[in-house]
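> Prediction below, plus the sequence it came from.
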Amino acid sequence: MESSTLFSLRLSLQVAAVATILIFAAGVPIAYLLARGVFRGREVVDVLITLPLVLPPTVTGYLLIVLLGRNGIIGGTLYRWTGWSIMFTWQAAVIASFVVALPLMVKTARAAIETVDRNLIDASATLGHSELWTVVRVTLPLAQRGIVAGLVLAFARALGEFGATLMLAGNIPGRTDTMPIAMYAAAASGDRSGANVMVLLFTAISGACLYAANRLGRRTA
Amino acid sequence: MSVRGEPAGKEDRIVGLSVSISKKLGTFSLDAEWAVDDELAVLFGYSGSGKSLTLRAVAGLLIPDRGTIELNGQILFSGDDGRVVPTQLRSIGFVFQDLALFPHMTVEENILYGGHGVSSRERQERCRDMVRRFRLTGLEHRRPVDLSGGQRQRVALARTLIRRPAALLLDEPFSALDAPLRREMRGLLREVQRELRIPVVLVTHDLTEALELADMLILYVDGRVEQCATPREVVKQPASGSVRRLISPELFQHRDKHDDNQERAASILPICCAGA
C-alpha cells in the first residue's frame, strides 16, 4: 500500500475518531433533552440538528464556511484575535464530520432513550434519586445499546464524509486528504489501482460498522 | 368527605397521611379526600375510577390541580401556595403494578439502589437484613428476569423498604400472581405493616383482597370517594347504591377467574356483617 494511501487511511480514522468522541459528548445530552425534556423550541432544535442529514453536504459545507471561514461570523473573530483559522486544517475535517454525523447519533440515541420504561424512571425518583442520578444509573445504561449503535453509525458516516469536508478542509495532499477525498482524486486522475485498494478498504470498514450497528440496534428493542 | 370524624388536615392529625385533591385529566375529573393513620388502607373501585391517579399524586408522580397532601404533619403538596415537594424528597415507598425492577441490576443492586441517603456500611447491613427478611438468600446475584413472580414481588418490597419510608403505597402489585401466591403476599404485607407501623395504602380492584386486607376501605366511584370505613361497616351500611353495587358478591364472583372468589365471597361477607 502506498504511503499516501496509508496517510489518508490514518487521517480518516483520526478525524472520524475525534468527531465520534465529540458526537458522544454532545449527542447524549442533546438526545436526552429531546427525548425527555419539555422545553419550548424542542422541535426546532431537532430540525436544526437533523438538517445536515438531508441537506446536500456541499450546502452544509458552505454554511460552515459562512460560520467558520476567515471572514465568517465565528471564524472571522477567531482569526482577528489569534491569527489562526480552522479552514484547510484536519480540525476542519473533524468539524465537518461532526456536523454531518451528529444527527445519526442523536436520532438513534433519542429513540433508545424514549423506549426506556417510564415506570423505571419514576421508580428511581420514589427511591429518592435525583433526575441526574437516574439518568446516569437507569436511563443511560438501559439505552446503552442504542447509544452505542448510534455512535457506530456516526463513526461510519464521519469516516465517509466527503462534501462538507472538501468545502471546509479542502484537498491538501499530506494534510487534509482523507480517504474519500484521496479516493476522488485517485479516480479523477485515473489511478485505478490506488482507487481499488481504497474502495476495498472502505467498503470493508463501513460494512463492519453497519453490521455492528444493526446487531446492537436489534437487541435494544 | 371526612374520615374518622374530623376533616383531613386539621391540627389533631399530625400522624398519618391525609389527601384532599382534585385533578382534571381530559374529561375525567378526580376529586379525592381521605386520611389514614398507621394502618393498612385499601383503595377499592373499578378500573379507571381514579385510585391509581390518587396514589401517583401522593408519590408526587402526578401534580394535582388543587388541594393538599400531608404526611406526618409535613405538607407534600399544597395547591394554595403552589408548594410541591418533589418525588425524590417525599420518603414515600411506591410499589408499581409491574414492580419496575431495574432489569440491568441484580437483586442485590436493586435493593441497594433503594438505600439512598443511607451510609454505605449501613446500607450493606440493611440489604443483608432485607435479603433475609424477604427470603431472597441465594438470589442476590440474579437479575429480575431470572426470578419467579413471588420473588420479584419480594425484591420490590425490599428495595422500597430499605430506606424506611414514612409511608408505603402499592398499585395493584399482586394482580399478576396466582391465588396461592397472592394470599402469601397479602400475609407478608400485613406483617410488614404491623412491623413498620406506617400508613400503607394499597390499590386493588379485587374485592377479596380489599376485604381481607383493609383496616380501612376507601371506595372510589367515578373519580370520587364514596365511602371510607372499615370493611365491616361498608358491608353493613353501604353509603350509596353505587357502593352496594361495588361490593355486591355477584360482581366479585366474576371479577377474577383465577381466584377462589366464590367461596371466599360466601365466607367473608357473613363474617364482616356478623361482627359489626
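Cool, the structure landed. Residues are numbered from 1 along each chain as shown, chains lettered A, B, ... in the order given.

> Could you check the pLDDT of residue 208?
All of this is about chain A. In this prediction, A:Ala208 carries a pLDDT score of 92.

> Please refer instead to chain B.
Note for B:Thr208: predicted pLDDT of 87.

> From B:Phe96, how far off is it?
From B:Thr208 over to B:Phe96 the distance is 22 Å, taken as CB to CB, to the nearest Å. For the C-beta atoms, the positions are set from N, CA and C on the backbone; glycine is no exception.

> buried residues in stretch B:159-170?
B:159-163, B:165-170 (16 or more other CB atoms under 10 Å in any protein chain shown).

> quick one: what helix or strand has A:Thr108 in it?
Remark: A:Thr108 resides in helix A:90-114, with elements defined by DSSP states H and E.

> That helix: what's the following helix or strand?
With secondary structure assigned by DSSP H and E, helix A:90-114 is succeeded by helix A:118-126.

> Flag every buried residue along that following helix.
Applying a neighbour-count criterion of 16+ other CB under 10 Å, one finds A:119-126 buried in helix A:118-126.

> For the residues you listed, could you give me JSON lines that also reports distance to chain B and pLDDT?
What follows is these, written out as JSON lines (distance: CB to the nearest CB, whole Å; pLDDT from 0 to 100):
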{"residue": "A:Asn119", "distance to chain B": "4", "pLDDT": "96"}
{"residue": "A:Leu120", "distance to chain B": "5", "pLDDT": "97"}
{"residue": "A:Ile121", "distance to chain B": "9", "pLDDT": "97"}
{"residue": "A:Asp122", "distance to chain B": "5", "pLDDT": "97"}
{"residue": "A:Ala123", "distance to chain B": "4", "pLDDT": "97"}
{"residue": "A:Ser124", "distance to chain B": "8", "pLDDT": "97"}
{"residue": "A:Ala125", "distance to chain B": "4", "pLDDT": "96"}
{"residue": "A:Thr126", "distance to chain B": "4", "pLDDT": "97"}
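
> Now flag whichever of these is closest to A:Leu168.
Comparing the buried residues of helix A:118-126 against A:Leu168 with CB to CB picks out A:Ile121 as the nearest, at 39.9 Å.

> Who's the closest spatial neighbour of that closest one, skipping the chain neighbours?
Counting by CB to CB, 6 or more residues apart in numbering or on different chains, A:Thr134 is the residue found nearest to A:Ile121 once chain neighbours are left out, at 5.8 Å.

> residue ranges with poor pLDDT in the stretch 101-250 of chain B?
Judged against pLDDT under 70, the low-scoring parts of the stretch 101-250 of chain B cover residues B:249-250.

> which residue ranges form the strands in it?
If DSSP state E, counting those that start in this stretch is used as the criterion, the strands of the stretch 101-250 of chain B fall at B:167-171, B:200-204, B:216-221, B:224-229.

> Write out the residues of chain A neighbouring chain B.
Counting by CB under 8 Å from any CB of the partner chain, the residues of chain A lying close to chain B are A:117, A:119-120, A:122-130, A:137-138, A:141-142.

> Which helix in chain A has the most residues?
Taking residue count as the measure and DSSP state H as the definition, the longest helix of chain A comes out as helix A:3-36.

> C-terminal to it, what's the next element?
Where DSSP H and E defines the elements, the next helix or strand beyond helix A:3-36 is helix A:42-54.

> List the buried residues in that following helix.
Residues of helix A:42-54 classed as buried under the neighbour-count rule (16+ other CB under 10 Å) are A:45-46, A:49, A:52.

> what about the residue lying closest to B:Val15 once chain neighbours are set aside, neighbour count?
Among residues not flanking B:Val15 along the chain, B:Asn72 sits closest, at 5.8 Å (CB to CB, 6+ apart). B:Asn72 sits with 17 neighbouring residues when counted by other CB atoms under 10 Å in any protein chain shown.
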